[in-house]
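A.B. asks: 3D, please:
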Amino acid sequence: MTRKFRRVPKDKKTGVPKKYLSGAMNKLAKAAEIKRTAEAYRKGEFIDIKAVSKSRTEQNVSSKKKKTTKRKRKS
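C.D. replies: This next block holds a predicted model:
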């Protein structure tokens, strides 16, 4: 007897799970990159993990927010 898992909600346009695309500025570009990497992995081709990680973090909206500086104590 095999376990049954709940189906993952997917994006209608791309077919990629919605959770992977949440927070992306350009969802189509991120989905295309995910599909490209998945295809290369299936074929056994070389994947530059550092470049993939960098491109995915650049896609995130949260990475574009400026970090606030710490307040200095009044002396």
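
A.B. asks: ok, what's across the strand from residue 60?
C.D. replies: On the basis of DSSP bridges, residue 60 takes part in beta bridges with residue 24.

A.B. asks: and it, what does it touch?
C.D. replies: With contacts taken as C-beta atoms under 8 Å, 6 or more residues apart in numbering, residue 60 has the following neighbours: 23, 24, 25. C-betas here are computed from N, CA, C, even on glycine.

A.B. asks: show the buried residues in the residues you listed.
C.D. replies: Neighbour-count burial within these applies to residue 24; the criterion is 16 or more other C-beta atoms under 10 Å.

A.B. asks: okay if I get the contacts of residue 60 as JSON lines plus distance to residue 38 and pLDDT?
C.D. replies: Output for the contacts of residue 60, formatted as JSON lines (distance: C-beta to C-beta, whole Å; pLDDT from 0 to 100):
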{"residue": "23", "distance to residue 38": "20", "pLDDT": "87"}
{"residue": "24", "distance to residue 38": "16", "pLDDT": "88"}
{"residue": "25", "distance to residue 38": "21", "pLDDT": "89"}
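
A.B. asks: closest to residue 41 among the contacts of residue 60?
C.D. replies: residue 24 (20.2 Å; C-beta to C-beta).

A.B. asks: on that earlier part again, for the contacts of residue 60, give me CSV that also has distance to residue 33.
C.D. replies: Shown next, in CSV, are the contacts of residue 60 (distance: C-beta to C-beta, whole Å):
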residue, distance to residue 33
23, 14
24, 10
25, 13
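
A.B. asks: for stretch 13-32, which residues meet the burial criterion?
C.D. replies: With the criterion 16+ other C-beta under 10 Å, stretch 13-32 contains buried residues 14, 16, 20, 21, 24, 27, 30, 31.

A.B. asks: please disregard the earlier target; I meant stretch 27-47.
C.D. replies: Neighbour counts over stretch 27-47 (16+ other C-beta under 10 Å) mark 27, 30, 31, 33, 34, 37 as buried.

A.B. asks: in helices, which of those fall?
C.D. replies: Those of the buried residues of stretch 27-47 mapping onto helices are 27, 30, 31, 33, 34, 37, per DSSP state H.

A.B. asks: which among these gets closest to residue 4?
C.D. replies: Where these are concerned, and distances follow C-beta to C-beta, residue 4 has its nearest neighbour in residue 34, at 25.2 Å.
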